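K.L.:
Sequence isn't available, so here's the structure alone:
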C-alpha cells in the first residue's frame, strides 16, 4: 500500500484554505491507491467474488490465475492475494523495475521490467505470463490487472518482428506528429498482447480485467493499449496512418511485410467487438480520474466549500489551462460565479507542455505558475494542481500550489514569472518559493487533478 | 435602439439545442442593448431620477448636462433624452462616425469622430464638450455616458503635446510588449480627459457617470481610460514602465518633458481617490459582460437546462480556451459533470489570437473551431461563441456555433480543421459550413460570450 501525503515545502503554518486544498489532494490520491481500490471494488462474500454487479463463484473454477502489468498492477495483485488467498492458483504480474516497496505475495510472482522504454526484460515477462495461461480452459478464471505503463511493461511483437522494429515504428510515428490514437492503431497490429490479443490467448477462460485508467476519457482499448479490449481499428487504418505521414516506405521491412499480409487477409485481424473471444471477458474500470476528482470534491464539501467537479477531460497547453483556471477562481472571489465563496472547483485531465525553454518543470507546475499570474493580488484564492503519479518531468515534484501572493513573493526574490514561463522553468520558480507539492512516486496514475478554491474572507 | 438577431446562415431547420443557444445569445445581446440598459437602470419617479439606490431630485439642479463618448454612448444618450426630456439643458456626446442609425434627439448633439484611430475630429468633439461644461457650478448635474471606444473617441493630449506625440507613445508601448494596463498608465498622464481628468473639469458639479463596460473585470479606471474615475497610477509608475521597456529616450521630446515636469511636481498628478473632485462623482456600471451572461443563463434555464455562469473573466489564447470549453461540454455529455444534461454553462470574457497564419478569422470563430475538434463525434453538444459588438477581426461575423458534426461536415468539404487553425482561417471554415453567427454591428460592446450546452438525447 502506498502511504504518501501531498505537502508543500512550507514549514510554517499554512492557512485553512491551503490546508483544505492539500487535504483534498490527499483524498484524491487515496482514491487512486491501488490497494484501496481493490479493497473497495472487490468483495469476497462466502466463496463468491463480487465486483460491482458481477459475481464470480470461485468454487466453480478449476484454476484462478492472476496476470497483468502496469505501474499500479503490482499493488493491485498484492491486495487481491490478501483478499482471495489460497483461492488463487498462481500468477505473474509485470511491474516497473524501480517500484519500491516491491510487492510481495505467496502465489503471485512479480516480474520487474523497464518503463517507459520496453526491453528484453518485458518480453521475458510476457513470455512467462503467456506460459502460465498457455493451456487455459473454460473452467479457469483469469484476473488481468491493467494500469498505466502496461503498454511498455508488456511488449511482445508479432512473429517476424523484434523490439527494435517496433521501437523504430513508434519513434517514426511520434516524430511525424501522429496523434497517440494513430500511434496506437499501428502498434496494436504489431503486438501479440495489445489490441485485444491477450484476450485471444485467454479464450475460452472467464476473464475479469480490472483497470486503473491513466487515459483521459477512459477508453478501455487505449489503456495499456487494451490487451483484453476489442480493437476498433483495422489494418486498413494502419495503412492510412502510415501513408498520411509518408512513413510507409520508412518503417522497417519486417513491419511493412506484416501489415501487407494483414491487408491481404493472410494473417488475422486484431479481435473485434463481436468476436467470440470477448464473450466471457469483462473489462472493469476500478480506478480513474473521475473517482479521484469526486474524492477531492467530497473532501472540499466536507471542509465547508460549495464544490463541483468542473470536468475530468481537461487537456490543452498547460499555461493556457492555468490562465483559464486562474480566471475562473478569481471569478468565484470577485463575482461569486459560478457560486459564492467558500467554493471550490475540481478539474481533472492531463495538459501538455510545448517545450520552448531550457528550464526544469512539469505540466502541473507550469499550469500553476500561469494561474498564479492571473490571481496575483487576489485574496483568499488558491489553485493547486498535481500529477497523481507523483512525478513530473525530470523533477521530484508532483505539482504546485499558488495563491494571490505567489507572484509578489516571487518578485521579492527577483523572479519574473513571465521569464520563468518562457524558459519552462516552473520547478525552479516554485522550488525557491517552497510551493511545490511533493508526494514522491505514488505507484499509481489517474492523470492530473487541479483544485480551485476561494474562501469567504 | 438596436434590433439585431443572432443567427446562423443555416437555412434549414435547426434542432432545439441550436435554437436554444441562439436564443440565449439574443438574450445576452438584449441585455447589452444601450437603450434597454438605460430603460432598465434609470427610473424617473415624479421629478426624481433613480439609478439603483442613488436619487437625483432634478428640480434641485440649475442645469442638467449630458456628455460622454463611446460606441454605445450615443444610443444611451438618445434614451436618456426620451426619459428626461426637457429636464435636460443641453448635451454633446461623441460617437463613432460609422454608427448607423445615427442617434437623434432635440437637446443633445452627436459629434462623430474616428475609431479606433483618434484624429482631429475627436479632439474637436472633446473641445466642444469641454466648452459646454466650462462654467459648471455646484448647482449643475452632469450625466457622463462612458462606453468602449471612448478612449479613442475622446482624445485631448495635455498642453504641449499633440495627437501625433500621443500616438507615437502608444505605438511604441504596444510594440514593446507592454500590457494594456501599462499602456494606460502612461496614456492617462498625457491626456486632459483620461485618468479622472474629466472629473476634475466637472468639479464642483454633481456627476453621474453611467458606464457600459467593455473591460474584462470591469475596472472603472480602465473603461475608456476612466475619465471620471480616480487614477491609481502615478508619474513614477509612468517612468518605471518607460524604463522597463527601454522607451524613455525613444518617446517624443514633448512627452518626456511633461513626464519630467510631473515627476518634479511642477505639473499636477492625475486626480486620486481621496481628492475632493470625486466627492460628488458617482461611477455606475449599468451594463457589462456579467449582466449579459446572466441574461443568457436565464434564457437557458427557461428553456429547461441546468445552467450556470462559469466565469466572466475568461481570457487566454482563443484556440486553447476553445479546447477547454470543448472538454467541459463533452464532460456534461459523457460524465454528467459538472451536472447532468440538459445542461448549459455560460462563459464570458475576451480571448486573444496570436496571428501565425494569413487567413481570415476572429477570436470567437477560432475558439469555436478548436472546440469543434474536441467535441467531434459527440451527439447533443453545442458550443457557441460570439462578440457582443457583432464584428470580429476583418470579418462580417460575430462568432460561430459548432456541434459534434461540424468537423465531419468540414471533412466532407475537404477542410482539415487543424490546417485552418494553423492558418488563422476560421472565418473561411465556418463560412463554407454556414455556421457563422451573424448579428451585424450591434452598437454596444460587453466583450464575448460563449454558451456550452448539452441536451438529454
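P.N.:
Arrived safely, thanks for sending. Because the structure is a prediction, the values reported are computed rather than measured.

K.L.:
how about the strands in the stretch 101-250 of chain A?
P.N.:
Secondary structure of the stretch 101-250 of chain A (DSSP state E, counting those that start in this stretch): strands located at A:108-113, A:140-147, A:206-212.

K.L.:
Of all the ones you listed, which one is nearest chain B?
P.N.:
strand A:206-212 (16.5 Å; Cβ to the nearest Cβ). Using the backbone N, CA and C atoms, a C-beta is placed for each residue, glycine as well.

K.L.:
just the angle between that closest one and strand A:140-147, please?
P.N.:
20 degrees (axes from the mean of the first three to the mean of the last three Cα atoms, to 10 degrees).

K.L.:
Quick check: the residue of the stretch 151-300 of chain A nearest chain B.
P.N.:
residue A:290 (6.2 Å).

K.L.:
Contacts only, for that residue.
P.N.:
Contacts for residue A:290 (Cβ atoms under 8 Å, 6 or more residues apart in numbering or on different chains) come out as A:218, A:309, A:312, A:348, B:335, B:337.

K.L.:
Looks like the second one contacts residue A:348 (just checking).
P.N.:
Which is residue A:309. Yes - the pair residue A:309 / residue A:348 is scored as a contact, 7.4 Å apart, by Cβ atoms under 8 Å.

K.L.:
quick one: which of those two has more around it?
P.N.:
residue A:348 (30 against 24; other Cβ atoms under 10 Å in any protein chain shown).

K.L.:
about what we covered before: go through the contacts of residue A:290 and name the one nearest residue A:24.
P.N.:
residue A:309 (11.5 Å; Cβ to Cβ).

K.L.:
mind checking which helix or strand the closest one is in?
P.N.:
Per DSSP states H and E: residue A:309 is located in strand A:306-314.

K.L.:
I'd like to know how many residues surround residue A:339.
P.N.:
17.

K.L.:
is it true that residue A:440 lies in a helix?
P.N.:
No - Residue A:440 is assigned coil when assessed by DSSP: H, G, I helix; E, B strand; the rest coil, not a helix.

K.L.:
tell me, what's touching residue A:309 and residue A:348 both at once?
P.N.:
Residues touching both residue A:309 and residue A:348 (Cβ under 8 Å, 6+ apart): A:290, A:293.

K.L.:
Next up, the contacts around the residue of the stretch 201-350 of chain A at minimum distance from chain B.
P.N.:
Here the stretch 201-350 of chain A gets closest to chain B at one residue, residue A:320, 3.3 Å apart by Cβ to the nearest Cβ. By Cβ under 8 Å, 6+ apart, the contact list for residue A:320 reads A:370, B:316, B:317, B:320, B:321, B:324.

K.L.:
Does the residue of the stretch 151-300 of chain A closest to chain B fall in a helix, a strand, or a coil region?
P.N.:
helix.

K.L.:
again with residue A:407
P.N.:
helix.

K.L.:
about what we covered before: double-check that the residue of the stretch 201-350 of chain A closest to chain B belongs to a helix.
P.N.:
Yes - assessed by three-state DSSP, residue A:320 belongs to a helix.

K.L.:
ok, for it, nearest residue in space, not its chain neighbours?
P.N.:
residue B:320 (3.3 Å; Cβ to Cβ, 6 or more residues apart in numbering or on different chains).

K.L.:
what's the pLDDT at that neighbour?
P.N.:
Looking at residue B:320, its pLDDT stands at 94.

K.L.:
likewise residue A:7?
P.N.:
According to the prediction, residue A:7 has pLDDT 67.

K.L.:
What of the one 10 residues further on?
P.N.:
On pLDDT, residue A:17 comes in at 94.

K.L.:
Name the helix or strand for it, please.
P.N.:
Using DSSP H and E, residue A:17 maps to helix A:16-32.

K.L.:
what angle separates the strand holding residue A:309 from helix A:16-32?
P.N.:
50 degrees.

K.L.:
other SSEs contacting strand A:306-314?
P.N.:
Counting contacts by 3 or more Cβ pairs under 8 Å, 6 or more residues apart in numbering or on different chains; DSSP states H and E, strand A:306-314 packs against helix A:289-302, strand A:343-349, helix B:318-335.

K.L.:
Pull out the buried positions in the first one.
P.N.:
The neighbour-count check on helix A:289-302 (16 or more other Cβ atoms under 10 Å in any protein chain shown) flags A:289, A:290, A:291, A:292, A:293, A:294, A:295, A:296, A:297, A:298, A:299, A:300 as buried.
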